[in-house]
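*Asks:* here are the coordinates; sequence isn't available:
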Ligand SMILES: NC(=O)N[C@@H](O)C(=O)O
Ligand code: NI
């Protein structure tokens, strides 16, 4: 890695629905979304996010990603996006993890924003939102992932000229 001290350090922000709104939705048991069902035996947290799937033969699928923990300090060199569909990540083990997104600036990602997600928080990236691939922290962690399959290329990657630094999770 280049000298970590020479890289631009990214600060961590707490993950909130408001802060994340430009990029998608936070998936967590929000009391405002709760309705009682099944005779009052179940709390339904309704429509926390919407899956998007565009293009030929597009289908929404459910997956499990087992993310290995990232090592820190971490040099963030790239971002990606999925133009044909959304992608959500919800931890199946309640362990904190990192969510990294960036605004689009003329077809390339701008400065990344790093959110610290709690173990009871997931996110749904809207289609075509720049994000970094899954960043598990501390131990291998399983995530339920809802995203799109079908025809066409659904992955666009971008590599920064100079990495950014995430010093610690
Ligand atoms: N490649 C893949 O399915 N995973 C990435 O899209 C990711 O965001 O982790
Ligand atoms: Ni992705």
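*Replies:* All right, it came through fine. Note that the structure is a prediction, hence the values are computed from the model and not measured. Numbering: from 1, shown residues only. Ligands and ions are numbered 1, 2, ... in the order given.

*Asks:* what sits against residue 112?
*Replies:* Contacts for residue 112 (Cβ atoms under 8 Å, 6 or more residues apart in numbering) come out as 10, 76, 79, 100, 101, 102, 132, 164. C-beta coordinates here come from the backbone N, C-alpha and C atoms, glycine included.

*Asks:* Drop anything exposed from those residues.
*Replies:* Buried members of those, scored by 16 or more other Cβ atoms under 10 Å, are 10, 76, 79, 100, 101, 102, 132, 164.

*Asks:* now the residue of the chain most remote from its centre, what's its secondary structure?
*Replies:* What lies farthest from the middle of the chain is residue 39; by Cα atoms, centre = their mean that is 34.1 Å. With DSSP: H, G, I helix; E, B strand; the rest coil as the basis, residue 39 sits in helix.

*Asks:* any idea how far it is from residue 81?
*Replies:* Per Cβ to Cβ, to the nearest Å, residue 39 is found 43 Å from residue 81.

*Asks:* Then residue 13?
*Replies:* Distance from residue 13 to residue 81, by Cβ to Cβ: 20 Å.

*Asks:* same deal with residue 75?
*Replies:* 20 Å.

*Asks:* before we move on, what about residue 34?
*Replies:* In terms of Cβ to Cβ, residue 34 sits 31 Å off from residue 81.

*Asks:* Neighbour count for these two, which is higher?
*Replies:* Comparing residue 34 with residue 81 by other Cβ atoms under 10 Å, the one with more neighbours is residue 81, at 21 against 12.

*Asks:* Am I right that the more buried one is in contact with residue 154?
*Replies:* No. Look at residue 81 against residue 154 with Cβ atoms under 8 Å: they stay out of range, at 9.2 Å.

*Asks:* So which bits of the chain are right by ligand 1?
*Replies:* Within the chain, the residues that sit near ligand 1 (Cβ under 6 Å from any ligand atom) are 87, 131, 133, 134.

*Asks:* isn't the third one right next to residue 81, touching?
*Replies:* No. Applying Cβ under 8 Å, one finds residue 133 not in contact with residue 81, separated by 11.1 Å.

*Asks:* show me what contacts residue 130?
*Replies:* 79, 80, 81, 101, 102, 103, 104, 109, 158 are the contacts of residue 130 under Cβ under 8 Å, 6+ apart.

*Asks:* Any regions of this structure where pLDDT drops low?
*Replies:* 1-5 (pLDDT under 70).
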